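Engineer: any chance you can model this:
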Amino acid sequence: MKRTARFWDWSAPAERLALTRVLVGAFASIYLLASTRDLLSAIDFSPRQLVPVGLTSWLSAPLPPWLVVASVVLVVATGLLFTLGLAFTYSAPLFALSLLWVTTYRSSWGMIFHTDNLLTLHVLLLALSPAADVWSLDARRRLQQGSALPHEPDARYGWALRAMSVVTVVTYALAGVAKLKLAGSTWFDGELLRAQIAYDNLRKIELGTRVSPLGPWLVRHHGVFRALALATLVVELGAPLALVRPRIAAAWAVLAWGFHVSVLLMMSIAFPYQLCGVAYASLFPVERAWAWGRAMARARLPRAAGRAGPDA
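Structural biologist: This next block holds a predicted model:
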């Protein structure tokens, strides 16, 4: 009980939580803008294709087109407010719920978009936290009104980061458990993974969609898939170790990122949130990297000005 309490009662700087909010919010906003066409494509689907899941389970018919458009406009607008930290008390929960709604509705047409899950869960956790106490338009307004901003690390800024990290590693661990539950020891011989990659690429060839550059060539080599199958389980089942020490977290994040790069190369399946690295931000002191980057930029400015000369 004491160890559990210490794990969750973990103090973090307000800047770390705020920068994580900015990173996650910026990614979500760009991702939503880039996915606007896909989010609106449900308007043209046949009603018979609707297979409601999650929040949409109560639907018996597709939403009216105007409501689909309104939902997308709402999630994009509130995503920008979330990122900027403006009216965060209201905009953050509204963004989290609208993101959950539009991503669930997109997954209610016969294809589950697993790529949306971790991002949505992280936004939900950030929306419940004081992630806009600093580095936000709300904080700037409070500062102009004479209110003091937090300077000391506090547990109220740490619990959300802890929860995000736990959710991250649990998603990987569950994937590993599912593989062992469904395949058992046969997973280790690599043939199931090889067949999965071969089937995915063959299906894409038949459909005339983009085929991975590596998958069709790699399936000819049986031996490599034993190592790949084992490496997959190491990344997935070993994910909880990232919560033990920062160095282990860094090593695991690199392996997990490499795992997603491999999936992209072999199956042309992209997990953008993981590939850009933002999915692992809660595991690290991102505010230190930001401070280091700013210091490096400031150090280079005088040098650049000196090389340009007095007449520049």
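Engineer: pLDDT score assigned to P302?
Structural biologist: Turning to P302, the model gives it a pLDDT of 65.
Engineer: try the one 10 residues further on
Structural biologist: On pLDDT, A312 comes in at 47.
Engineer: then M296?
Structural biologist: So, for M296, pLDDT stands at 80.
Engineer: could you pull out the helices for the stretch 51-200 of the chain?
Structural biologist: Ranges of helices within the stretch 51-200 of the chain are 65-84, 88-106, 117-127, 137-144, 155-183, 191-207, based on DSSP state H, counting those that start in this stretch.
Engineer: right, and the ones you listed - which one's nearest F225?
Structural biologist: helix 191-207 (4.4 Å; Cβ to Cβ). Glycine gets a C-beta too; all of them are placed from N, C-alpha and C.
Engineer: so what touches that closest one?
Structural biologist: 183, 186-187, 210-212, 215-216, 218-219, 222, 225, 228-229, 232, 266-269 (Cβ atoms under 8 Å, 6 or more residues apart in numbering).
Engineer: comparing the helices of the stretch 51-200 of the chain by mean pLDDT, which bottoms out?
Structural biologist: helix 191-207 (a mean of 90).
Engineer: flag every buried residue along that one.
Structural biologist: 192-194, 197, 200-201, 204 (16 or more other Cβ atoms under 10 Å).
Engineer: neighbours of Y280, how many?
Structural biologist: 23 (other Cβ atoms under 10 Å).
Engineer: now do the contacts for it.
Structural biologist: With Cβ under 8 Å, 6+ apart, Y280 has these contacts: 168, 249, 253, 256-257, 274.
Engineer: just send the buried residues of helix 191-207 back as CSV, with distance to A299 too.
Structural biologist: Converted to CSV, the buried residues of helix 191-207 look like this (distance: Cβ to Cβ, whole Å):
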residue, distance to A299
L192, 52
L193, 47
R194, 50
I197, 47
D200, 48
N201, 48
K204, 48
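Engineer: of those, which is the nearest to N117?
Structural biologist: D200 (19.4 Å).
Engineer: coming back round to it: mind checking the helices of the stretch 51-200 of the chain for the one nearest to L283?
Structural biologist: Taking the helices of the stretch 51-200 of the chain one by one with Cβ to Cβ, helix 155-183 is closest: 5.3 Å.
Engineer: now that closest one and helix 191-207, what's the angle there?
Structural biologist: Here the directions of helix 155-183 and helix 191-207 differ by 90 degrees (axes from the mean of the first three to the mean of the last three Cα atoms, to 10 degrees).
Engineer: packing partners of helix 155-183?
Structural biologist: helix 2-8, helix 14-34, helix 117-127, helix 224-237 (3 or more Cβ pairs under 8 Å, 6 or more residues apart in numbering; DSSP states H and E).
Engineer: could you name the helices and strands sitting against the shortest one?
Structural biologist: Yep, that's helix 2-8 we're talking about. Helix 2-8 packs on helix 155-183, going by 3+ Cβ pairs under 8 Å, 6+ apart.
Engineer: centre of the chain to the helix it packs on, how far?
Structural biologist: 12 Å (Cα atoms, centre = their mean, to the nearest Å).
Engineer: next, the buried residues of it.
Structural biologist: Neighbour counts over helix 155-183 (16+ other Cβ under 10 Å) mark 157-169, 171-172, 175-176, 179 as buried.
Engineer: ok, stretch 72-89 next?
Structural biologist: 72, 74-76, 78-88.
Engineer: got the contact list for that stretch?
Structural biologist: So stretch 72-89 is contacted by 18, 21-22, 25-26, 28-29, 32-33, 36, 39-40, 91-92, 94-95, 98-99, 101-102, 123, 126-127, 131-132, 135-139 (Cβ under 8 Å, 6+ apart).
Engineer: ChimeraX command for the buried members of those?
Structural biologist: Filtering the contacts of stretch 72-89 down to the buried ones (16+ other Cβ under 10 Å) takes a single ChimeraX command:
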select :18,21,22,25,26,28,29,32,39,40,91,92,94,95,98,99,101,102,123,126,127,131,132,135,136,138,139
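Engineer: tell me the contacts of the closest residue to A12 other than its chain neighbours?
Structural biologist: Nearest residue to A12, sequence neighbours excluded (Cβ to Cβ, 6 or more residues apart in numbering): G158, at 3.7 Å. G158 makes contact with 9-12, 17, according to Cβ under 8 Å, 6+ apart.
Engineer: can you name the two of those that are farthest apart?
Structural biologist: D9 and L17 (15.2 Å).
Engineer: neighbours of the nearest residue to V24 once chain neighbours are set aside, how many?
Structural biologist: Nearest residue to V24, sequence neighbours excluded (Cβ to Cβ, 6+ apart): H122, at 5.5 Å. Counted with other Cβ under 10 Å, the neighbours of H122 add up to 28.
Engineer: contact partners for H122?
Structural biologist: 24, 164, 167-168, 279, 282.
Engineer: swap in S91?
Structural biologist: 78, 81-82.
Engineer: of the residues you listed, which is the nearest to R3?
Structural biologist: F82 (33.5 Å).
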